[in-house]
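Undergrad: generate coordinates for the sequence data below:
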Amino acid sequence: MPDRVIEVRNLSVAYHDQIVLEQISFVVNSHTLVGIIGPNGAGKSTLIKAIMGLVPTLSGEVRVFNQPVSKMRKQIAYVPQRNVLDQDFPVLVEDVVLMGRYPHLRWWQRPTAKDREIAKQCLEQVGMLDFSKRQIGELSGGQQQRVFLARALAQEADLFFLDEPFAGIDMTSEQIIINLLRKLRDQGKTLFVVHHDLSKVEEYFDQIALLNRQLVGYGNKEDVFQVDLISKAYNGKIAFVGDRGGTLVVSG
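TA: Numbering: from 1, shown residues only. Next up is the predicted model:
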């Protein structure tokens, strides 16, 4: 795969005549863990959906591995927010993960023994193998998120999009997930993570997309995670406590 994984040019999106993303442009290379940050309503989830072609766009172009997104869907794995899960839907953990193998199957094919073994290995990577026969709705939020990541791993993709994977989960699950994301990056994968906890940004990510409908900044965390840029993105509702190792606090 080429080093240039994603190229976004002048991307704009509107809902009901309301602009939610305006003229977004950036380039991302492989071996990169990208955090997408910004205030509520900034368009963070919309951005990753627009890149994946899941929402209509007003203008702009997205290239993935120098191809249109429609030709590269097998290479793209998506972990949506947990609130899209129907807690009452009767599906086993192992079957959720097995869904990650479907892009590799013809419509008439059933999962093979190899597919089941891959799903098993992915559950083991996220520490959820012992829960494979449980109903997904019986798990805690952190456990569910680890299962959804296992499903993405089972797809054997090169590009990952995760929407708020750390929201409302326990610290054990959060540490397992971030360690796995780092491992995937080191294997050459590219990962986009919508994230809201500013205190973890410098620790977790290589590059940052700082967003508030427009792209306030994109690049290495040392260049973008700056008080002036963050204050601009959050419309001034932010304070920086202490020196460079201090804490960013969003107010109001």
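
Undergrad: wait, isn't Ser12 in contact with Gly43?
TA: No - using CB atoms under 8 Å, Ser12 makes no contact with Gly43, being 10.3 Å away. In this view, the C-beta of every residue, glycine as well, is placed from N, C-alpha and C.

Undergrad: neighbour count winner among these two?
TA: Gly43 (24 against 17; other CB atoms under 10 Å).

Undergrad: returning to what we had before: and for Ser12 and Gly43, which residues touch both?
TA: Listed as contacting both Ser12 and Gly43 by CB atoms under 8 Å, 6 or more residues apart in numbering are Leu21.

Undergrad: helices of the stretch 51-200 of the chain, start to end?
TA: Along the stretch 51-200 of the chain, the stretches classed as helices by DSSP state H, counting those that start in this stretch are 93-98, 113-125, 141-154, 171-186.

Undergrad: other SSEs contacting the second one?
TA: Helix 113-125 is packed against helix 93-98, helix 141-154, with contacts defined by 3 or more CB pairs under 8 Å, 6 or more residues apart in numbering; DSSP states H and E.

Undergrad: quick one: contacts of it?
TA: Residues contacting helix 113-125 (CB under 8 Å, 6+ apart): 93-94, 97-98, 100-101, 104-105, 111, 129, 131-132, 147, 150-151, 153-154, 156, 180.

Undergrad: now the buried members of those residues.
TA: The neighbour count (16 or more other CB atoms under 10 Å) marks 93-94, 97-98, 100-101, 104, 111, 129, 131-132, 147, 150-151, 153-154, 180 as buried among the contacts of helix 113-125.

Undergrad: returning to that earlier point: now tabulate the helices of the stretch 51-200 of the chain in JSON lines and tack on distance to Val193 and mean pLDDT.
TA: Shown next, in JSON lines, are these (distance: least, CB to CB, whole Å; pLDDT from 0 to 100):
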{"stretch": "helix 93-98", "distance to Val193": "20", "mean pLDDT": "94"}
{"stretch": "helix 113-125", "distance to Val193": "18", "mean pLDDT": "94"}
{"stretch": "helix 141-154", "distance to Val193": "11", "mean pLDDT": "93"}
{"stretch": "helix 171-186", "distance to Val193": "7", "mean pLDDT": "94"}
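
Undergrad: I'd like to know which of these is closest to Phe65.
TA: helix 171-186 (16.3 Å; CB to CB).

Undergrad: so what touches the closest one?
TA: Outside helix 171-186, the residues touching it (CB under 8 Å, 6+ apart) are 31-33, 125-127, 140-143, 145-146, 149, 153, 160, 162, 165-166, 169, 191, 193, 204, 206.

Undergrad: separate out the buried members of those residues.
TA: In these, the ones that pass as buried (16+ other CB under 10 Å) are 32-33, 125-126, 142-143, 145-146, 149, 153, 160, 162, 165-166, 169, 191, 193, 204.

Undergrad: so which of the helices and strands packed on helix 113-125 is nearest Gly60?
TA: Of all the helices and strands packed on helix 113-125, helix 141-154 comes closest under CB to CB, at 25.7 Å.

Undergrad: ok, and what's touching that closest one?
TA: 77-80, 82, 85, 93, 96-101, 115, 118-119, 122-123, 125-128, 131, 136, 139, 160, 162, 165-166, 168-170, 172-174, 176-177, 180.

Undergrad: that helix to helix 171-186, inter-axis angle?
TA: Between the axes of helix 141-154 and helix 171-186, defined by axes from the mean of the first three to the mean of the last three CA atoms, to 10 degrees, the angle is 20 degrees.

Undergrad: export helix 141-154 to CSV, keeping only CA atoms.
TA: Extracted C-alpha coordinates of helix 141-154, given in CSV (Å, rounded to 0.1, in the frame of the first residue of the first chain):
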residue,chain,number,x,y,z
GLY,A,141,-19.9,-0.8,28.1
GLY,A,142,-16.1,-1.4,28.1
GLN,A,143,-16.5,-5.1,27.2
GLN,A,144,-18.9,-4.3,24.3
GLN,A,145,-16.4,-1.8,22.9
ARG,A,146,-13.7,-4.4,23.0
VAL,A,147,-15.9,-6.8,21.1
PHE,A,148,-16.7,-4.2,18.5
LEU,A,149,-12.9,-3.6,18.1
ALA,A,150,-12.4,-7.3,17.7
ARG,A,151,-15.0,-7.3,14.9
ALA,A,152,-13.0,-4.5,13.2
LEU,A,153,-9.8,-6.5,13.6
ALA,A,154,-11.5,-9.6,12.1
